[in-house]
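Participant: Structure of the sequence below:
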Amino acid sequence: RDPSDPRLNALTLASGLDDYPRATVPGPEERHADLAAWLAFGARVLAGAAHRFPGVLAKGAPHYEALGADLWAALESRHWDEASGAYLDWGVTAGEGSFVDLVVFKCASRDGGSQVEAAAPLETARRGRGCPA
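Facilitator: Numbers count the residues shown, from 1 in each chain. From the prediction side, this is the model:
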């Protein structure tokens with residue numbers, strides 16, 4: 001990660017599909033315009049396929065057309081911001097928090113029969129501690 005890059009998740013695809021969810025602590029209050037747009041687009045593709053190949057998609061073209069219209073209406077009502085003239089994500093952000101570099105250790109289990117992973121802050125790892133005792 002480039003420390004001078006202000007984006008939360010740098011170097012992601014324009015589609016938005018590779019960095020969902022984006023929140024530091026994801027939750028149900030997080031909404032992404034690009035994800036909603038892809039869902040609406042997918043419903044339109046299914047409607048087109050149902051028109052072209054009747055009987056292949058069990059629910060049929062009218063179902064997918066209605067689903068696509070509902071998803072588009074939701075995108076418009078939840079994400080369109082008139083002031084900026086853009087579709088915007090919304091949700092809880094952690095702009096006032098801080099990132100902590102973590103190191104992941106592979107540790108033997110207490111009985112030695114398997115491995116477990118443990119994460120520790122980088123400073124703890126530098127002190128030689130990482131795996132649980």
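Participant: residue ranges with poor pLDDT in this protein?
Facilitator: Residues of the chain that meet the criterion pLDDT under 70 lie in 1-3, 5-27, 92-100, 128-133.
Participant: Gly42: how many residues sit nearby?
Facilitator: A count of nearby residues for Gly42, using other CB atoms under 10 Å, gives 14. Using the backbone N, CA and C atoms, a C-beta is placed for each residue, glycine as well.
Participant: Assign a three-state SS to it, would you?
Facilitator: Here Gly42 takes the helix state, with states given by DSSP: H, G, I helix; E, B strand; the rest coil.
Participant: which non-adjacent residue is nearest Arg44?
Facilitator: Spatial nearest neighbour of Arg44, excluding adjacent residues (CB to CB, 6 or more residues apart in numbering): Gly68 at 4.5 Å.
Participant: what's the spacing between that neighbour and His79?
Facilitator: For Gly68, the distance to His79 equals 16 Å [CB to CB, to the nearest Å].
Participant: Let me see the ranges of the strands in this protein.
Facilitator: Assigned by DSSP state E, the chain shows strands spanning 80-81, 86-87, 102-108, 115-121.
Participant: between those strands, which one is nearest to Leu39?
Facilitator: For those, the distance to Leu39 is smallest for strand 86-87, at 13.3 Å, taking CB to CB.
Participant: That closest one pairs with which strands, parallel or anti?
Facilitator: Looking at strand 86-87 with DSSP bridges, its paired strands and their directions are strand 80-81 (antiparallel).
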